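> A predicted structure for the sequence below; I have some questions about it.
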Amino acid sequence: MNKAEEIVHRMFDNDAFSKWLGIEVLEIGEGISTLKMTVRKEMLNGFDVLHGGITYSLADSSLAFASNAYGRKSMSIETSISHTFPCKDGDVLTTKTVERSLTNKIGVYDISVLNQDEKVVALFKGTVYRSDKNW
């Protein structure tokens, strides 16, 4: 296991919410994160589609893992999401994270959330503050 994987496993071990979501870490590296989860009935809203907060949380976890994998504790300071396609019970969602910019103090990431048919269901942008504290 490399350093990035060790950090993410440490984070995940203490992340009860990501575990509740059923997140599976598929790929991790510095600035890279691919996560997967399956939509469950209790995640649906009153319209019988996936609650936007769930998609947001999946993308936010992907942001956290990708940005912290460098070994410096990083926290989001600005995020946004656009929901582009509805998700239903049983859909399998996967994140694809792209690091757009990285400086000593700031990292900017784009995260696409795709369903099992490779259709983009959400587009997330996250900016993190990179602290001086190491993992």
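Structure received. Numbers count the residues shown, from 1 in each chain.
> which residue ranges of this protein form helices?
Remark: helices assigned in the chain by DSSP state H are 3-13, 16-21, 52-68.
> any buried residues in the last one, and which?
Read that as helix 52-68. Using 16 or more other Cβ atoms under 10 Å as the test for burial, helix 52-68 gives 54-68. For the C-beta atoms, the positions are set from N, CA and C on the backbone; glycine is no exception.
> geometric centre of the protein: which residue is closest?
The centre of the chain sits closest to residue 62, judged by Cα atoms, centre = their mean, with a distance of 2.1 Å.
> check contacts around that one.
For residue 62, the contacting residues are 33, 34, 35, 95, 97, 111, 124, by Cβ atoms under 8 Å, 6 or more residues apart in numbering.
> closest one of those residues to residue 132?
Nearest to residue 132 among the contacts of residue 62: residue 33, at 22.3 Å, using Cβ to Cβ.
> angle of the longest strand seen in the chain against helix 52-68?
In the chain, taking DSSP state E as the definition, the longest strand is strand 120-134. Using axes from the mean of the first three to the mean of the last three Cα atoms, to 10 degrees, the direction of strand 120-134 lies 40 degrees away from that of helix 52-68.
> now the end-to-end length of stretch 18-25.
Start-to-end span of stretch 18-25 (Cα to Cα, to the nearest Å) is 10 Å.
> residues in contact with that stretch: which ones?
Here stretch 18-25 makes contact (Cβ under 8 Å, 6+ apart) with 8-9, 12, 33-38, 40, 54, 57-58, 61, 65.
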